[in-house]
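Asker: let's see this in three dimensions:
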Amino acid sequence: MEHEYDAGAFDVAVVGAGHAGIEAGLASARLGCSTLVFTINLDAVGNCPCNPSIGGTAKGHLVREIDALGGEMGRTTDECFLQSRMLNLGKGPAVHSLRCQIDRRKYSEIMKHKLELQENLFVKQAEIVDLRHAADGVRWELVTRMGAVYTVKAVVLATGTFLGGRIYVGEVSYESGPDGMFPAAFLSKPLQKLGLRLRRFKTGTPARVLRSSIDFTGLEVQKGDDPVVPFSYDTLVPGKNRAVCHVSWTNDQTKAIILKNIGRSPLYSGHIKGIGPRYCPSIEDKIMRFQDKPRHQLFIEPCGLNTEEMYLQGMSSSLPEEVQLQFYHTIKGLEHVQIMRCAYAIEYDCVDPLQMDATLEFREQPGLYGAGQFNGSSGYEEAAAQGIVAGINAALKVQDREPMILDRASSYIGTLVDDLVTKGVTDPYRMMTSRSEYRLVLRQDNADERLTPIGRKIGLIGDERWARFQQKEQQKVDELKRAQKTIFAPSEELNQLLVSHETSPVTTGVRLAELLKRPQLNYQVLAPVDKDRPDYPAAVFENTEIELKYEGYIKRQKADIAEMRRLEGRNLPRSMDYTTVNGLRSEAQEKLNKIQPMNIGQASRISGVSPADVSVLLIWLSKEHS
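Answerer: Okay, here's the model as predicted:
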C-alpha cells in the first residue's frame, strides 16, 4: 500500500470473527496472550447466515466438546435458544445429539459483548488486505485496508465464506460476503504468494420469508423437549422452550418448476466453479440427484423472538428470484409466502488442509494457523471446534509450551482435525457420527470426562468448574459401585414392574447393575423399587446407565483405542523424503511426502497408504532406531 503506519504489536491476531474466530480469539486471550480479532463488520460477530440453529447430529457432540475444553459456543447457545431437542433418541446413545433453535441476533449480540469484555482481547473492524513476514523473519505483519500494520507472533485465519466471496442468484452474480456484507477481496493473493494452495468451494442458504404470509393450518408442529437439556456444563438451570417449528413437504408441482428452470441455476449452467457441500445440497441439487423421490421435507423455523423472519430449512437454492417465488408457492403453507431475503449461493476461497499439522499450523509457515470454512469444512460447529484448537495452539506456541493435539479417540474434534489434515477434502467437510471409529466412547454425555482435564491442564477451566467436574466424576464412581452392590430381593412389586415393561420376572436376588443392562429398563423405570437412590444430577445416572448397558462394547472399543494409540506413539521424522524408504509403493511415497504424517497412526489413515506400506514403515522405523 502507498500509505502504511505502525498500529502496534500483539501476541496473536485472528482474522475473522465468525464461529471459528470467536473461539480462537477467546481461547488465546484467556490463556494470557494479547489478542487482536479482526472482522469486516462488527455487527456480524457470531453471525449465523446459514441457519438459526446450533447442534444437530454429530454437531451437538462438537458443541459439548468445545464447552468441555472451556469454549463459549455452548454457553451462548443456552443463553439464547428458542427450542431444544435431543435428536436420534430412537437409536443408541452414541448418536444422541442435541440441537437448538436460537435467536440469531441475540446470539451475535451476546458473542460480540463477550469479546468486548474479554481481558487481553481487542476486537477491530477492519479488512486485512495483506499478510507477510516481518523483517525479523519470525513475526507476522497484517495490513488493513486503511494502511494500519499490526505485528504479531501468531496468526489464525478464520475467514469463513468472505475470502473472495461471490454471490449467485440465477443469472445475477456479484462480489459479496454472506448476508450482503463486503467480501475479503484482497487477501487471497498474499496467501497464494506465501505458498498456500487455495481452492474454490460453494455453499448456499434458503430464502427468509415473512411469518404472517405463511399459513400454518394443517402443518405438522415440531415442539421442543421437556425438560430441556443444556449444551454447557456451566448451565446449571436450563431455560424453557419459547418457540415451535413446523414441517412441510415439496411436491410434484415444486419438482416440475425446478426441472423446467434448471438451466437457469448457476450450479448447472456452469457459472459456479466451486464445489458444494455433499451432505447439505440445494433443493435443485436434491431434485436432480433423486428424481425418483416424490417429495422432500422442509422445516419452517423462527429466526428470533423480535423478528418476523422465518427460515426454510432444507430449501437452499441459487435459482433466480422469480423462480424461487414460483416453487415456494407450490408448497403447503407457503402458497402466498412473501420472500424477505431471497436464497443465494456463495462461492469462496479456502485452503487445502493437507498443508497443516494436527495443531492446525501450516507446516511451511510457522506461526500461521487456519480454522473453520477456510480449512474446507462446513458448519458453525465444525468451525468453532477448529477455532478453539487453533486459538489454543497459537497461544501455546507464543508461550513456548507444548501444543495440544487431540487424537481420534479423544473426541469428535480430534476426528475432525485428523480427517482434514490427513485425508484432505474434496467438498465442504461435515461432521457425522459415522466418521468416528470410536463413537460409542465419544458420546456427547461424557464429553467433560474426556476433555475437561485437558482444558484444565491448558488453563481454560476455572476452579469452580473443575470442582463441579470432580464432584460429578466421584458421584459416578460411587453410583457404579452402588449399582453393583445393590441387590433387590424378588417381590411382587418388582416382578409386576418387570412384566409391565416386557422383561422377565426374577426368582432370586438381582443386582441393580444387572437390571440396568436389560434393554427395556432404565433408572427412570426402576425408580419405584430403587428407594435408596442418592440425589445426584441426572447426568450421573445417564453416564452410569450407558456404561453398564454397553459395557462389553465399550471394553472392546477401548482395546481398539489402545492399539491406535500404540501406533500414534511411533513418531515419524518431519520433512522426511519417503522415496528413500525401500518397499513403499510409489503412490504411498507421493502421499507421505505431501502430508508428512507425524506418526505411524496418522500415516495409516492416509488415502493411498496400504496396510503393507504401514508394515514397511514400521520395519524401517525399527531399523532406524535399533
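
Asker: lowest-confidence helix or strand of this protein?
Answerer: Within the chain, no helix or strand scores below helix 266-269, which has a mean of 82 by mean pLDDT, DSSP states H and E.

Asker: now for the helix or strand just after that one, which elements pack on it?
Answerer: Next helix or strand after helix 266-269 toward the C-terminus (DSSP states H and E): helix 283-289. In terms of contacts (3 or more CB pairs under 8 Å, 6 or more residues apart in numbering; DSSP states H and E), helix 283-289 is packed against helix 252-260, helix 266-269. In this view, the C-beta of every residue, glycine as well, is placed from N, C-alpha and C.

Asker: got those helices as JSON lines, with distance to V12 columns?
Answerer: Converted to JSON lines, those look like this (distance: least, CB to CB, whole Å):
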{"stretch": "helix 252-260", "distance to V12": "46"}
{"stretch": "helix 266-269", "distance to V12": "38"}
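
Asker: any stretches of the stretch 251-400 of the chain with poor pLDDT?
Answerer: 276-279 (pLDDT under 70).

Asker: identify whichever of the helices and strands packed on helix 283-289 lies nearest to L117.
Answerer: For L117, the closest of the helices and strands packed on helix 283-289 is helix 266-269, at 42.2 Å, according to CB to CB.

Asker: can you pull the buried residues of that closest one?
Answerer: Within helix 266-269, the residues that count as buried by 16 or more other CB atoms under 10 Å are 266-268.

Asker: which one among those residues gets closest to D478?
Answerer: Nearest to D478 among the buried residues of helix 266-269: L267, at 57.1 Å, using CB to CB.

Asker: wait, isn't the closest one in contact with S318?
Answerer: Yes: at 5.9 Å, L267 counts as touching S318 under the criterion of CB atoms under 8 Å.

Asker: list residues touching both of those two?
Answerer: 282, 284, 345 (CB atoms under 8 Å, 6 or more residues apart in numbering).

Asker: what sits closest to I262 if chain neighbours are left out?
Answerer: Nearest residue to I262 in three dimensions, chain neighbours excluded: Y268, at 5.3 Å (CB to CB, 6 or more residues apart in numbering).

Asker: got a list of what that neighbour touches?
Answerer: 262, 284, 288.

Asker: just the buried ones from those, in PyMOL syntax?
Answerer: Only the buried entries of the contacts of Y268 go into this PyMOL selection, using 16+ other CB under 10 Å:
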select buried, resi 262+284+288
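
Asker: in three-state terms, label L98 for me.
Answerer: strand (DSSP: H, G, I helix; E, B strand; the rest coil).

Asker: oh, and call the first residue 23 from now on, that's how I've got it
Answerer: Will do, 23 is the new start, and the previous item becomes L120.

Asker: so who does it touch?
Answerer: Here L120 is in contact with 77, 82, 85-86, 106-109, 251, 253, 466 (CB under 8 Å, 6+ apart).

Asker: and the residues you listed, which is closest to E26?
Answerer: Distance to E26 across the contacts of L120 (CB to CB) is lowest for V85, with 40.5 Å.

Asker: the closest one: helix or strand, and which one exactly?
Answerer: Assigned by DSSP H and E, V85 falls in helix 81-91.

Asker: one more: P252?
Answerer: Going by DSSP H and E, P252 is not part of any helix or strand.

Asker: before we move on, the earlier item: nearest to G605, of the buried residues of helix 288-291?
Answerer: L289 (45.3 Å).

Asker: on that earlier part again, turn the buried residues of helix 288-291 into JSON lines, columns for distance to L139.
Answerer: What follows is the buried residues of helix 288-291, written out as JSON lines (distance: CB to CB, whole Å):
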{"residue": "P288", "distance to L139": "42"}
{"residue": "L289", "distance to L139": "43"}
{"residue": "Y290", "distance to L139": "47"}
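
Asker: and which of those is nearest to P324?
Answerer: Of all these, P324 sits closest to L289, with 28.4 Å by CB to CB.

Asker: need the contacts of Y290 in CSV with distance to G630, can you?
Answerer: As requested, these are exported to CSV (distance: CB to CB, whole Å):
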residue, distance to G630
I284, 36
E306, 34
M310, 31
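
Asker: what's the closest of the contacts of Y290 to A416?
Answerer: Distances from A416 to the contacts of Y290, taken by CB to CB, are shortest for E306, at 40.2 Å.

Asker: my guess is the closest one contacts R286, does it?
Answerer: No: E306 lies out of contact with R286 (CB under 8 Å); the separation is 9.7 Å.

Asker: and the gap between L534 and E573?
Answerer: From L534 across to E573, the span is 14 Å (CB to CB, to the nearest Å).

Asker: so, low pLDDT: which residues of this structure?
Answerer: Counting by pLDDT under 70, the ranges of the chain that qualify are 23, 298-301, 648.

Asker: returning to that earlier point: gap between the least confident helix or strand of the chain and the chain center?
Answerer: 29 Å (CA atoms, centre = their mean, to the nearest Å).

Asker: just stretch 127-137 next, same as before
Answerer: In terms of CA atoms, centre = their mean, the centre of stretch 127-137 is found 19 Å from the chain centre.

Asker: other residues contacting that stretch?
Answerer: By CB under 8 Å, 6+ apart, stretch 127-137 touches 39, 44, 47-48, 59, 64-70, 76, 94, 98-99, 101-102, 143, 145, 325-329.

Asker: let's see which of those end up in helices.
Answerer: Among those, DSSP state H puts 44, 47-48, 98-99, 101-102 in helices.

Asker: among those, which ones are buried?
Answerer: Counted by 16+ other CB under 10 Å, those give 44, 47-48, 98-99, 101-102 as buried.

Asker: closest to E383 out of those?
Answerer: Using CB to CB, these come closest to E383 at G47, 16.8 Å.

Asker: ok, the closest residue to the closest one other than its chain neighbours to V499 distance?
Answerer: The shortest distance from G47 to any non-neighbouring residue, by CB to CB, 6+ apart, is to V59 (4.1 Å). Between V59 and V499 the computed distance is 41 Å (CB to CB).

Asker: again with G30
Answerer: Using CB to CB, G30 is found at 50 Å from V499.

Asker: same question for N63.
Answerer: To V499, N63 is 49 Å away according to CB to CB.

Asker: have a look at those two and say which one is more surrounded.
Answerer: Between N63 and V499, counted using other CB atoms under 10 Å, the more crowded position is N63 (15 against 12).
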